[in-house]
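> I'd like to go over a predicted model; first the sequence, then the structure.
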Amino acid sequence: MMTRPTLPLLPTALLLASLLSGLLFGGVAAAYTLEEFEFDSPAQQEQFRELIGKLRCLVCQNESLAGSQAELAQDLRNEVYEMMRAGQSEDAILDFLVARYGDFVLYDPPLKPSTYLLWFGPFVLIGIGAVVVIRTLLSKKTTPDQPVTEADRARIDELLNADQTADQTADRTADRD
Amino acid sequence: MAKSWRFLIPLIIFGALVILLVIGLGKDPRKVPSPLIGKPIPEFSLPELTDTGRTLVDDDLRGQISLVNVWASWCSSCRQEHQALMVLSENPDFQIVGLNWKDDAQDALSVLRMTGNPYDRIGYDPDNDVGIEWGVYGAPETFVVDQQGIIRYKHIGPVDRKVWEETLQPLIAQLKAEG
């Protein structure tokens, strides 16, 4: 990730916004066989698969519990499995892990004051970008054409009607204006 | 309109970004803050490694300051901090309680025979039952537990002289003063 210093404000803001939103909305690839776990129903298996995909392995931090081969991930998969078999709800299982390992164990950071910047930062940056664009566009319009006054018209006529010899004098007068 | 300073805006934003990234680089992403700080220790009951007939329970961590050290024979950083723990074991201000984590009892005992045992008591947790309760995700980790059984600090990685002098020693002095 690199942002060049010479980028003007707006593209920088947009780049940041797109980078941040990429982080937020990027998908998680899961690859793990569930053969070692037995389930009552395909729905339960699906629920388990979905749940461990939401959880981060703390050892290999870029892997979900579903994808990680780390031993700790195996322990936590077992724990999640046991809790599910014991009839615990998905929220209860997530709360259990968050209470011990912190929000970091969740791939989706929860919405709370300390994560407001994370959740709303990209929109703030987009907003700043939009303000800059609008202001730039408006400032171009704020130098309107000067209305042509009667005095101007008289001057134009005078210049247009002047003969060849008077031309240079008129030019000099105009320069001085 | 004063345009003279406006060219500085991208520079300032870039500067802020650099500062942010440098701070980010300086942080160790492996050190995940524990949500258990300030919370009571979880209830647990484990057989002791050195005497499986006895059990170590959470109440054993109340009434005095404790360092709870998560270790294993397979963990090389634990060997690195072992000498520091041996020195600390002579300090009367706290007890050192080991949590032998995801380990084999014979391997763990032979490490202790060879290098000495700095622990007052050791809970044996081969299946990570208590480790999960404590939010352990690697070894070594060291928790500081106060007299009331509240977890006050968690150190991730080996304890060395620097960690002791800069962090653990002042904290233990503070806990001792709190009584």
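Nice, I can see it.

> tell me which parts of chain B are close to chain A?
With C-beta under 8 Å from any C-beta of the partner chain as the criterion, chain B meets chain A at residues B:9-11, B:13-14, B:17, B:29-30, B:32-36, B:102, B:127-128, B:131-135, B:137-138. Glycine gets a C-beta too; all of them are placed from N, C-alpha and C.

> give me that answer again for 10 Å
Within reach of chain A by C-beta under 10 Å from any C-beta of the partner chain, chain B has these residues: B:1, B:6-7, B:9-15, B:17-18, B:21, B:29-30, B:32-37, B:39, B:42, B:102, B:127-129, B:131-138.

> out of these, which are buried?
B:10, B:13-14, B:32, B:34-36, B:102, B:128, B:131-138 (16 or more other C-beta atoms under 10 Å in any protein chain shown).

> so where's the longest helix in chain B?
helix B:8-26 (DSSP state H).

> Using CSV, list the CA coordinates for it.
Provided in CSV are the C-alpha atoms of helix B:8-26 (Å, rounded to 0.1, in the frame of the first residue of the first chain):
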residue,chain,number,x,y,z
LEU,B,8,0.7,22.4,1.6
ILE,B,9,-2.5,20.5,2.2
PRO,B,10,-1.5,17.3,0.3
LEU,B,11,1.9,17.5,2.0
ILE,B,12,0.2,17.7,5.5
ILE,B,13,-2.1,14.8,4.7
PHE,B,14,0.8,12.8,3.4
GLY,B,15,2.8,13.6,6.6
ALA,B,16,-0.1,12.5,8.8
LEU,B,17,-0.4,9.3,6.8
VAL,B,18,3.3,8.6,7.2
ILE,B,19,3.1,9.1,11.0
LEU,B,20,0.1,6.8,11.1
LEU,B,21,1.8,4.1,9.1
VAL,B,22,5.1,4.4,11.1
ILE,B,23,3.1,4.0,14.4
GLY,B,24,1.3,1.0,12.8
LEU,B,25,4.6,-0.6,11.8
GLY,B,26,6.0,-0.1,15.3
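
> Residue B:69 is in contact with residue B:75, correct?
No. The pair residue B:75 / residue B:69 is not scored as a contact, 11.0 Å apart, by C-beta atoms under 10 Å.

> so what sits against both of the two?
B:81, B:101, B:139-140 (C-beta atoms under 10 Å, 6 or more residues apart in numbering or on different chains).

> Out of those residues, who's the most crowded?
Among the shared contacts of residue B:75 and residue B:69, the one with the most neighbours (other C-beta atoms under 10 Å in any protein chain shown) is residue B:101, at 27 neighbours.

> Compute the distance between that residue and residue B:170, please.
Per C-beta to C-beta, to the nearest Å, residue B:101 is found 27 Å from residue B:170.

> ok, back up a step: between residue B:75 and residue B:69, point out the one with more neighbours.
Neighbours were counted for residue B:75 and for residue B:69 using other C-beta under 10 Å; residue B:69 has more, 26 against 19.

> Dihedrals phi and psi, that one?
Dihedral angles phi and psi of residue B:69 (degrees, to the nearest 10) take the values phi -110, psi 120.

> Residue B:28 is in what secondary structure piece?
Residue B:28 is part of no helix or strand, with elements assigned from DSSP states H and E.

> and it, how many neighbours?
Residue B:28 has 8 nearby residues by other C-beta under 10 Å.

> what do you get for residue B:52?
11.

> which ones are touching it?
Residue B:52 neighbours (C-beta under 10 Å, 6+ apart): B:46, B:105, B:124.

> Low-confidence bits of chain A, can you list those?
For chain A, the stretches with pLDDT under 70 are A:1-35, A:141-144, A:163-177.

> who does the longest helix along it touch, helix- and strand-wise?
If you go by DSSP H, chain A has its longest helix at helix A:116-141. On a contact count with 3 or more C-beta pairs under 10 Å, 6 or more residues apart in numbering or on different chains; DSSP states H and E, helix A:116-141 meets helix A:9-25.

> those helices in chain A, which residues are they?
Under DSSP H, chain A gives helices at A:9-25, A:42-53, A:71-85, A:90-101, A:116-141, A:150-161, A:164-176.

> got it, and chain B?
Going by DSSP H, chain B shows helices at B:8-26, B:76-88, B:105-115, B:129-133, B:161-163, B:169-178.

> Those into a markdown table, with extra columns for mean pLDDT?
Output for the helices of chain B, formatted as a markdown table (pLDDT from 0 to 100):
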| stretch | mean pLDDT |
| --- | --- |
| helix B:8-26 | 92 |
| helix B:76-88 | 95 |
| helix B:105-115 | 95 |
| helix B:129-133 | 95 |
| helix B:161-163 | 94 |
| helix B:169-178 | 95 |
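
> so of the ones you listed, which one's packed in deepest?
Greatest average neighbour count among those goes to helix B:129-133 (a mean of 20), per mean count of other C-beta atoms under 10 Å in any protein chain shown.

> Point out the other helices and strands that it packs with.
helix A:71-85, helix A:90-101, strand B:45-47, strand B:94-101, strand B:121-125.

> quick one: contacts of that helix?
A:72, A:75-76, A:78-79, A:96-97, A:99-101, B:36, B:41-46, B:56, B:58, B:70, B:99-102, B:123-125, B:136-139, B:141.

> If anything else comes up later, I'll come back, but that's it for now.
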